[in-house]
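**Student:** Fold the following and give me the result.
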Amino acid sequence: MSGFLDTIAERAKASPRRIVLPEGNDPRTLAAAVRLRQEGRAEPVVLGSEPEVRAGLADVGGDEDMIVHDPATDERHDRFVRTLLELRKDRGLEEAEAIRWARDPLIFGALMVREGEVAGSVAGADHPTGEVIRAAIRCVGLRRGISIVSSTFYMVCRPFRGGPAQEEVLSFTDGAVVPDPDARQLADIARASVAARRAIVGDEPRVAFLSFSTRGSAEHEKVEKVRQAVSHFRQAEPDVVADGELQVDAALIPEIAASKAPDSPVAGQANV
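**Tutor:** The predicted structure follows:
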């Protein structure tokens with residue numbers, strides 16, 4: 001039986017998209033670009049100094065037909081500068097700064113996404129998460145109805161709940177971007193993770209809002225925030241099974257859930 005990562009690879013190969021990789025200076029990125037192309041999973045577009053990128057690609061088995069763009073000399077530069085000035089006119093972006101931004105591979109890649117020239121941008125091997133996210137916010141923006149940027153990790157786990165002996169995929173959100181969301185933000189983070197899970201994992205989300213308390217075992221303002229988040233989430237997503245506040249053991253382990261939250265629709269079965 002194919003695992004989650006094998007399934008993702010098969011889906012990508014069945015419908016390969018053009019993906020921009022802004023970090024053409026990173027050897028891991030170049031190796032990944034060559035592998036993606038050779039296996040037919042995507043058509044990579046690599047950004048960076050063209051002579052250096054092509055030399056690096058050749059070192060890892062790439063061919064001369066691979067697409068490479070240099071943001072510093074690309075013919076789209078002036079158009080992208082105008083786009084940035086329009087997008088950021090309310091923020092007072094000046095032309096000199098827009099020119100500098102348009103030469104930044106992260107910004108250039110994000111603008112390619114905005115213009116529909118590529119389906120997505122993958123970065124973070126050579127840049128902090130914050131820089132990658134800022135480029136996306138500046139150039140692409142937020143999905144309608146979502147108030148805050150967040151992250152989701154997909155953890156492929158060995159069987160741990162009984163039942164069929166097959167791996168399980170858990171979504172953990174948000175573990176990287178928002179350190180202390182308020183209740184409405186927490187609800188929006190969960191909504192974004194639910195949508196992403198349906199698209200990426202393909203199953204039905206079961207959402208647990210975590211806390212150090214399970215169903216009133218403790219009282220604290222942070223516990224109350226989680227309860228309010230659950231309420232906001234249920235109003236926005238009435239068809240998604242969700243519960244909280246739950247401690248992580250009650251959310252994940254059926255035997256513990258049976259003791260701590262026996263009437264919960266999620267406890268012991270959460271996947272988000």
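**Student:** Please identify the helix or strand for Ser171.
**Tutor:** Assessed by DSSP states H and E, Ser171 sits inside strand 168-172.
**Student:** do Leu57 as well
**Tutor:** Applying DSSP H and E, one finds Leu57 within helix 50-59.
**Student:** tell me which residues in that helix are buried?
**Tutor:** Glu50, Val53, Arg54, Gly56, Leu57 (16 or more other CB atoms under 10 Å). No exception for glycine: its C-beta is placed from N, CA and C like everyone else's.
**Student:** ranges for the helices of the protein?
**Tutor:** Along the chain, the stretches classed as helices by DSSP state H are 4-14, 27-39, 50-59, 77-87, 95-102, 105-114, 129-139, 183-200, 221-236, 248-252, 254-260.
**Student:** what mean pLDDT does the shortest one have?
**Tutor:** In this model, helix 248-252 has a mean pLDDT of 96.
**Student:** just the fourth one next, same as before
**Tutor:** Per-residue pLDDT values over helix 77-87 give a mean of 95.
**Student:** on that earlier part again, so which elements touch the helix holding Leu57?
**Tutor:** helix 27-39, strand 42-47, strand 67-69 (3 or more CB pairs under 8 Å, 6 or more residues apart in numbering; DSSP states H and E).
**Student:** Tell me which of the ones you listed approaches Glu237 most closely.
**Tutor:** Closest approach to Glu237 among these is made by strand 42-47 (31.1 Å; CB to CB).
**Student:** in the stretch 151-272 of the chain, which segments are predicted with low confidence?
**Tutor:** Counting by pLDDT under 70, the ranges of the stretch 151-272 of the chain that qualify are 163-165.
**Student:** Show me what stretch 155-162 is in contact with.
**Tutor:** 3-5, 165-172, 252-254, 268-269 (CB atoms under 8 Å, 6 or more residues apart in numbering).
**Student:** Now the buried members of these.
**Tutor:** By neighbour count, with 16+ other CB under 10 Å, the contacts of stretch 155-162 hold Phe4, Glu168, Val169, Leu170, Ser171, Leu252, Ile253, Gly268, Gln269 as buried.
**Student:** quick one on the thing from earlier: kindly compare burial across the helices and strands packed on helix 50-59 and name the winner.
**Tutor:** strand 42-47 (a mean of 24; mean count of other CB atoms under 10 Å).
**Student:** Show residues contacting that one.
**Tutor:** Residues outside strand 42-47 that contact it (CB under 8 Å, 6+ apart): 12, 16-24, 29-30, 32-33, 36-37, 53, 57, 66-71, 105, 108-109, 112, 118.
**Student:** could you check the angle helix 4-14 makes with that strand?
**Tutor:** If you take axes from the mean of the first three to the mean of the last three CA atoms, to 10 degrees, strand 42-47 sits at 90 degrees to helix 4-14.
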